[in-house]
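*Asks:* Based on what follows, work out the 3D shape:
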Amino acid sequence: MLITSDSAMVQYILHLDEKRQREAGQSSFVLAELDETHLLVKPFAEDIVRGKINELVDSNTFSREMEPPPEKRAMLDDGCKEGGGKKRRPAKDKI
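*Replies:* Coordinates of the predicted model:
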């Protein structure tokens with residue numbers, strides 16, 4: 001199966017393959033690294049790769065469910081009001 005992706009995702013897939021070999025003692029599912037954006041992998045790897053990419057995307061996606069509870073959010077808001085950060089200068093209008 002040919003995988004075409006950006007170079008960062010290809011590197012992630014190569015990382016998954018190396019980790020799988022190292023930790024599970026499995027054989028490589030990557031048949032060939034054709035260039036920085038193309039991999040040739042064994043057909044069974046499609047489900048593995050899709051699942052791991054979905055996990056990665058989900059872990060980097062904000063959802064409302066991930067917001068802190070109201071009492072914690074209030075504590076965070078109070079911390080900001082107490083001058084915990086740098087003060088910003090008001091923006092000057094450009095003419």
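*Asks:* Disregarding flanking residues, what is the spatial nearest neighbour of Ala45?
*Replies:* Phe29 (3.7 Å; Cβ to Cβ, 6 or more residues apart in numbering). In short, each C-beta sits where N, CA and C put it, glycine included.
*Asks:* Give me the distance between that neighbour and Lys19.
*Replies:* For Phe29, the distance to Lys19 equals 12 Å [Cβ to Cβ, to the nearest Å].
*Asks:* quick revisit: in contact with the residue nearest to Ala45, which residues are there?
*Replies:* Phe29 sits next to Asp17, Arg20, Val41, Lys42, Phe44, Ala45, Ile48 when contact means Cβ atoms under 8 Å, 6 or more residues apart in numbering.
*Asks:* Can you say which of those are buried?
*Replies:* Neighbour-count burial (16 or more other Cβ atoms under 10 Å) applied to these gives Asp17, Arg20, Val41, Ala45, Ile48.
*Asks:* can you put these in CSV and add secondary structure?
*Replies:* Output for those, formatted as CSV (DSSP: H, G, I helix; E, B strand; the rest coil):
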residue, secondary structure
Asp17, helix
Arg20, helix
Val41, strand
Ala45, helix
Ile48, helix
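*Asks:* what ranges do the helices span in the chain?
*Replies:* 7-24, 45-59, 70-81 (DSSP state H).
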